[in-house]
Structures are given as C-alpha cells and as structure tokens.
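Chemist: The following block contains a protein sequence and its predicted model.
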Amino acid sequence: MAGNSHNLPPVTRRKSILAFKFLIPFVLVLSLSVIAVTQYFQSISYLLRPLWDTPPKPFFRIPHYYAPNTSMQQLCQLHGWDILPSPRRVFDAVLFSNELDILEIRYRELFPYVDRFVILEANATFTGIPKSLSFFENINRFAFASSKIVYDMLPIGDLDPESHQMPFLVEAGHRRALNSLLTRSGIAVGDVLIMADADEIPSPETVQLLKWCDGIPPIMHLELKNYMYSFEFRVDHNSWRATAHVFTERTKYRHSRQTNLMLADAGWHCSFCFREIKEFAFKMKAYSHADRVKQESFLNPDRIQRVICNGENLFDMLPEEYTFGDLFKKMGPIPRSASAIHLPSYLIRNAYSYRFLLPGGCLRPG
C-alpha cells in the first residue's frame, strides 16, 4: 500500500520517528501550559497588572481635623466651612447580608448622630443562594434603634430568575430597590445620605461634620482604614467606596467612584469580620466575587481558621495593585497590630463581647 510506512525509504522513516518524538513533548508542554494558564489565570493577571492596567485618577484628600472638647463651630471653620444654625438630618443606608455583629457596632456607634437607619436585605445572596432574613430574625437585638430604623425585605422573586448567574447584576438590582426604600424613608432635599456597605463604618466625628457644617461638598468619598478579619489586621487606609451626599432629587444609591473628593481618615472598613467560621464560608460563596473560590478546600474550616489567624488571603490571591512596588509590598500575610486605639468606642466598651475583633482574638468557634 502506498500509505504503508514500511514502504517508506529508511531515511524518511527515521525523520518521521524523530518528528513524532519531538511532537509528543511539544503537545505535553502545550497542554500543561493551557492547564496552568486556565488554573492560574487570575494570579498571572494580578501579577502582571502593572503592565496592562492604568491606575485610577488620585483622589483629592480633604484634611480632617478633630480633637476632643473642640466646638463644632471651630471644627467646621478648620475645614473651611461655616456652621449651620441647626443640624441637618443624616440618613445611613446599607444593603445587609449577614454581618450582624459589625452592624450592631455600626448602629450603636452612630445612633446619637444618625436620624434614620435605612436597611434592605434579601432572601437570597448576590449569587442566588437562598438565605435567612438575618436582620429580621434578630430584630430584637436592634430594639435600641427601632425608632430610627427603616427596614424592608427584597424577595428574590422580584429579580430576573437568570440573574443569579451574574452576581453584579443582582447586586445592582438590590441597589435599585434601596433607592425605592430611601424614597419611602422620608429623606428630603438637603439631608445627608451616607451610602456604604454594612462593614464600612463612618466615625462619629465624620458624621458630626456632615450634620453641622455648612459648605460641605455635595458628594465626597470617605477614606476608611481598611481592616481584614478583625481590627488586628490593618491592610491600609485606602478603602474609598463609602460616600456622603447632600441629597437631591437626582441622588441614586451607588457603591462606585462618584467624585474626586475624599474626606481623609473618616472611619473604618472591617471586611470579613465575623464571629464564627461558618459566616466566613457563607460570605465566600455568597458575595459578588464568589468566583474566587477556585477549590472546595478553600471552604475547609481548619484552613479558614489558619488563614484568619495568620492574616493570609482567603482566596490565595495576589494583591490588587497598579505598581510592582505596591504589589511586592503587600505580598504575604498582613502584619499584625497590637493597637486597639482609635477604634469604634462601642467596640472598646464592650471588648469582652467582641474579643474576636481585637488583637489576639483570632480564634473563632466552629
């Protein structure tokens, strides 16, 4: 037969064998490369981010002045603002999932200064996982603030049943529903609206400025100290998504960049600051970045406990930075802090109840 290799000349046959021998390792290397890129694409992307991504425009930081026993008139003047003859109303609006402990700290800390706490929770996560109505089921825990709370529940049936496949679309639906709840809350033009996640807590000093000072920017971001797992692990001071708005009829609830102005040192952001291991695992599967759970082993309770006590990354990810200097600086575990100074005062007054959020308290039940 013409196609039979036995009929080929010896030289041609040897060349075919050599070509085949080289082809095997090439295919193996190519296959392994495809697997590696597929498996570690996110890590490679983050490692090379300084080469392909452009950093956002820097914020203009508004200096923040405060000292105990200083009058509001003087504090407003230090910022270049006047003082109002009477305080504005302040509305604090959040989407709620399951952060009961951090929400109580938020409400206890801000209760004397906030006029309305507007809170929306859904019966499913951004990834479509059914969940209990944690806030509603624990409403008695927040009885101290009941006169100021405006609450509603968003049934998952009100959303596109296919949207659970795109968590950011679901999250956007939640934020639109919160706009509707704000309208029903009685907010009016000229009131201050704080837009933030539950774990992004403005300080009382910040809220006092918003309440009393005339001439504050119509929109400004709030620079928050950024913590992970507890106030023992301070990442940086670069949390910026929380905003304060002087409310107008065009104001809409958003959690993205809206201005170049940011008030410096305006509070705290404590991410994944939960009491029990099961709460960490739930959020890892539930929030908009749930695709970061690349392996089922990420949800292992022993692993989660080790990670949060060592200040490591729950998702084995590299830092999201725009320069190689910042990238290498933040690689590895978050440095521990032994300081519990300048934290929410309610947290310190109730330290024994919230030991897991303070230095040395990383061990969690479960």
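Modeler: Received the coordinates, thanks.
Chemist: Helices along the stretch 1-150 of the chain, start to end?
Modeler: 10-47, 49-52, 72-78, 100-110, 134-137 (DSSP state H, counting those that start in this stretch).
Chemist: Please state the offset of the last one from the chain centre?
Modeler: Between the mean C-alpha point of helix 134-137 and the mean C-alpha point of its chain there is a distance of 21 Å (C-alpha atoms, centre = their mean, to the nearest Å).
Chemist: Give me the buried stretch members for it, please.
Modeler: Across helix 134-137, burial judged by 16 or more other C-beta atoms under 10 Å covers 134-135. C-beta here means a position set from N, CA and C on the backbone, and glycine is covered the same way.
Chemist: Give me the contact list for it.
Modeler: 96-98, 100, 103, 119, 121, 142, 151, 153 (C-beta atoms under 8 Å, 6 or more residues apart in numbering).
Chemist: could I get these as TSV with neighbour count, distance to Cys76 and pLDDT?
Modeler: Shown next, in TSV, are the contacts of helix 134-137 (neighbours: other C-beta atoms under 10 Å; distance: C-beta to C-beta, whole Å; pLDDT from 0 to 100):
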residue	neighbour count	distance to Cys76	pLDDT
Phe96	20	32	94
Ser97	23	36	91
Asn98	20	38	92
Leu100	19	35	97
Leu103	23	30	98
Ile119	23	29	98
Glu121	21	36	94
Phe142	20	31	98
Tyr151	18	33	98
Met153	14	39	94
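Chemist: can you list the weak-confidence ranges in the stretch 151-300 of the chain?
Modeler: Counting by pLDDT under 70, the stretch 151-300 of the chain shows low-confidence ranges at 157-166, 287-290.
Chemist: That one: helices as residue ranges?
Modeler: 167-184, 204-212, 277-286.
Chemist: counting contacts, what elements does the shortest one pack onto?
Modeler: Contacts defined by 3 or more C-beta pairs under 8 Å, 6 or more residues apart in numbering; DSSP states H and E place helix 204-212 against helix 72-78, strand 90-96, helix 100-110, strand 192-195, strand 261-271.
Chemist: Between the ones you listed, which one is closest to Asn238.
Modeler: strand 261-271 (9.4 Å; C-beta to C-beta).
Chemist: Quickly list what the residue nearest the centre of the chain is bridged to.
Modeler: Geometric centre of the chain, nearest residue: Ser271, 6.0 Å, by C-alpha atoms, centre = their mean. Ser271 forms beta bridges with Met228, as assigned by DSSP bridges.
Chemist: which ones are touching it?
Modeler: 199, 226-229.
Chemist: want to try JSON lines for those, with neighbour count and distance to Glu205 as columns?
Modeler: Shown next, in JSON lines, are the contacts of Ser271 (neighbours: other C-beta atoms under 10 Å; distance: C-beta to C-beta, whole Å):
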{"residue": "Asp199", "neighbour count": "24", "distance to Glu205": "19"}
{"residue": "Asn226", "neighbour count": "19", "distance to Glu205": "18"}
{"residue": "Tyr227", "neighbour count": "24", "distance to Glu205": "18"}
{"residue": "Met228", "neighbour count": "20", "distance to Glu205": "24"}
{"residue": "Tyr229", "neighbour count": "26", "distance to Glu205": "25"}
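Chemist: Reformat these as TSV; add distance to Glu109.
Modeler: Below are the contacts of Ser271 laid out as TSV (distance: C-beta to C-beta, whole Å):
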residue	distance to Glu109
Asp199	13
Asn226	18
Tyr227	15
Met228	20
Tyr229	20
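Chemist: For Thr248, state which of those is nearest.
Modeler: Nearest to Thr248 among these, with distances taken as C-beta to C-beta, is Asp199, at 27.0 Å.
Chemist: is it true that the closest one touches Asn98?
Modeler: No. Between Asp199 and Asn98 no contact is recorded; they are 11.0 Å apart, counting by C-beta atoms under 8 Å.
Chemist: Just the buried residues of stretch 209-221, please?
Modeler: 209-213, 216, 219-221.
Chemist: Quick check: the two most widely separated of these?
Modeler: Among the buried residues of stretch 209-221, Trp212 and His221 lie farthest apart (C-beta to C-beta), at 19.9 Å.
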